[in-house]
Each structure stands twice: as C-alpha cells, then as structure tokens.
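Undergrad: mind looking at a prediction? Sequence and model below.
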Amino acid sequence: MRLAILSRKPDLYSTKALVRAAEKRGHEVQVMDTLLFDIRISTRKPELFYDGKPVQGIDAVLPRIGASITFYGLAVVRQFEMMGVYCVNESQAIARSRDKLRCLQLLCRHDIGIPPTVFTRKADHVPACIERVEGPPVVVKLLEGTQGIGVVLAESERAAGSVIEAFHGLDQNILIQKFIKESKGADIRAFVVGRKVVAAMKRQALTGEFRSNLHRGGTANKFRLPAEYRKTALAATRVLGLRVAGVDLIESSEGPMVMEVNSSPGLEGIQKTTGVEIADAIIEHLEKEVTPVS
C-alpha cells in the first residue's frame with residue numbers, strides 16, 4: 001500500500017510513529033507538506049500536484065492537519081476524495097470536529113452528554129448567558145483553540161465579561177460553558193480507531209490550574225474506561241463521521257460529558273502513558289479498509 005501522511009512537520013513524534021508503523025508492515029510511506037499541494041479542478045478530472053509534480057498511485061491518505069491551516073488542509077483532503085483516494089478522516093468529518101459549536105450541536109442532537117453551553121456575540125447578553133449555564137464560575141472558550149489555548153476559567157460575572165469583551169475585540173468567536181466542578185481538574189482522553197477504543201488515559205491538571213492538557217503541564221495515567229464512557233466516545237466519533245479521533249471526556253454528576261473531539265490527536269502522550277502502539281492500530285485499520293491499486 002502507498003500511504004501519504006499529510007503533515008507539515010515530518011519530525012513530529014506522531015508523524016514518525018506512523019511512518020515507522022507503516023514501514024514495519026511493508027508499506028510505502030510519503031510524508032507530504034499540506035501547503036505544497038496545488039489543486040487543479042476541471043470537468044470530471046480533479047488533479048493534485050505536489051511540489052509541481054502530479055500526484056498519482058496513492059492508495060490512502062492519513063491527514064494530520066494543524067488548526068492554523070484547516071481551510072487549505074480540508075481543500076487538499078477533499079481533492080483526494082474527489083480522486084477516489086481513501087482518507088482515514090474525511091474532509092467533512094474533520095470540519096465538523098474543528099468547529100466546536102457545530103460539533104456540540106451535532107452531539108447534542110444525538111443525545112450525547114455535553115456541558116451546557118451558550119454562544120453569543122452580544123456583550124450585554126453575557127449576564128443572562130452566564131445564568132443559563134448556572135454560573136459563575138464559567139469556562140470561556142475560543143471556537144478554534146487547541147491544547148488548552150484560548151480556554152479561560154472566569155470566577156465571576158465581571159471576569160467573564162472582561163474575557164469575552166477581549167476576545168470579541170480580537171474578532172474571535174467564543175463559547176460560554178458550565179464549569180463542571182465534579183471533574184476536579186481531570187479529564188479522560190479516549191483514543192478511537194475504527195469502531196474501537198484502543199487506549200485511554202486520565203489527565204490531571206496542576207494544582208491551581210483547571211486545564212488538564214499535557215501541554216499545560218498536566219499529568220497522565222493509564223485508565224480503564226468504564227462501559228458508559230466507552231459507549232459515549234464511540235458514539236461521538238460515529239456522529240461526526242471520524243474513523244480516528246481523540247475524544248476528551250469529563251466525569252460529571254450526570255455521567256460522561258464530551259468536551260472535545262480531536263481529528264488529529266497527538267500520539268506521544270497516550271502511547272507513552274498507556275504503552276499501546278496506537279500507530280500500529282491505525283495502520284492495521286487502513287489495511288482492513290483499503291485495497292491497494294495494482
């Protein structure tokens with residue numbers, strides 16, 4: 001099988017792990033910088049050029065698209081789809097997960113647990129919005145933030161108003177979410193491949209910090225996922241149409257709640273924490289789904 005990994009940084013742990021896993025199983029792998037593609041659209045003949053050369057003979061694509069290049073990355077993935085190439089995560093599914101508001105709307109529609117959330121653009125609506133999520137305190141989030149960036153815990157109505165005003169002043173869309181105090185600064189990352197949770201870890205925030213991301217200094221331990229949490233993680237990825245995803249869950253008095261679904265989840269933290277070779281599981285999934293072009 002000829003596999004293309006879309007990644008701007010071939011030296012990233014996740015990219016190297018996927019390359020090693022694929023080559024170990026006898027596949028030909030090429031890491032391709034997403035921004036080096038040219039897209040040619042013509043009647044019934046979609047084409048891609050990489051660094052000026054036609055792209056041909058690719059059996060499968062594994063997108064690792066950073067949030068900062070979402071628009072162009074989705075266009076490239078969509079072009080591969082139009083050319084009939086199998087994409088582990090399709091463009092529409094990635095788009096659904098990247099838009100936090102759209103993601104929550106879809107999950108809510110399918111009765112998947114989420115923290116009560118409000119979206120507003122009006123500063124004078126903020127007090128009422130805070131009441132609607134039973135705050136303060138409340139969590140204020142950028143719609144397109146990653147790794148805990150653009151996530152603020154506002155302890156009072158005044159603090160929430162100041163944060164929201166600042167974000168709106170930068171022309172950023174934000175969400176106001178209920179603060180789930182039962183989670184105690186912890187969350188659970190469930191890694192889904194195909195229709196299976198292949199690994200899970202529980203992350204704990206530093207003292208005085210509510211964001212449990214490992215990039216923010218949080219710690220992690222291997223976690224045995226209860227059946228209800230496993231069911232929720234699988235349902236979330238199914239609703240969004242993702243085949244590979246990291247699902248972030250928190251424990252609440254009402255059961256598991258989905259905080260975020262990541263379509264390009266990092267492998268380093270969870271592989272080192274759990275000892276599970278997730279890259280191998282992803283390549284095995286590809287082998288089941290793809291018939292190489294002869």
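TA: Okay, I see it.

Undergrad: mind checking which helix or strand residue 197 is in?
TA: Residue 197 is part of strand 196-204, with elements assigned from DSSP states H and E.

Undergrad: ranges for the strands of the stretch 1-150 of the chain?
TA: Secondary structure of the stretch 1-150 of the chain by DSSP state E, counting those that start in this stretch: the strands cover 2-6, 28-32, 37-40, 47-50, 53-54, 60-63, 86-87, 117-119, 138-142.

Undergrad: buried ones in the second one?
TA: Think strand 28-32. Judged by neighbour count using 16 or more other C-beta atoms under 10 Å, the buried positions of strand 28-32 are 29, 31, 32. Placement of C-beta: from N, CA and C, glycine included.

Undergrad: now the weakest link among the strands of the stretch 1-150 of the chain, please, by mean pLDDT.
TA: Mean pLDDT values for the strands of the stretch 1-150 of the chain show the minimum at strand 138-142, a mean of 87.

Undergrad: run the chain-centre distance for it.
TA: With C-alpha atoms, centre = their mean, to the nearest Å as the basis, strand 138-142 stands 18 Å off its chain's centre.

Undergrad: okay, now the sheet partners of it, with direction.
TA: In the sheet, strand 138-142 lines up against strand 151-154 (antiparallel), strand 174-178 (antiparallel) (DSSP bridges).

Undergrad: quick one on the thing from earlier: now what about the very next helix or strand once past the strand holding residue 197, what contacts it?
TA: Downstream of strand 196-204, the first helix or strand assigned by DSSP H and E is strand 219-222. With contacts defined as C-beta atoms under 8 Å, 6 or more residues apart in numbering, strand 219-222 is touched by 189, 200-204, 206, 214, 269-270, 273-275.

Undergrad: now list the buried members of the residues you listed.
TA: 189, 200, 201, 202, 203, 214, 269, 270, 273, 274.

Undergrad: ok, now which ones touch the third one?
TA: In this structure, residue 201 makes contact with 188, 189, 220, 221, 222, 223, 269, 270, 273, 274, judged by C-beta under 8 Å, 6+ apart.

Undergrad: ok so, going back, to residue 229, which of the strands paired with strand 138-142 lies closest?
TA: strand 174-178 (19.1 Å; C-beta to C-beta).

Undergrad: what does that closest one contact?
TA: Against strand 174-178 from outside (C-beta under 8 Å, 6+ apart): 100-101, 104, 115-120, 126, 129-130, 133-135, 138-143, 160, 164, 167-168.

Undergrad: of the residues you listed, buried ones?
TA: Buried subset of the contacts of strand 174-178 (neighbour count, 16+ other C-beta under 10 Å): 100, 104, 115, 117-118, 120, 126, 129-130, 133, 135, 138-143, 160, 164, 167-168.
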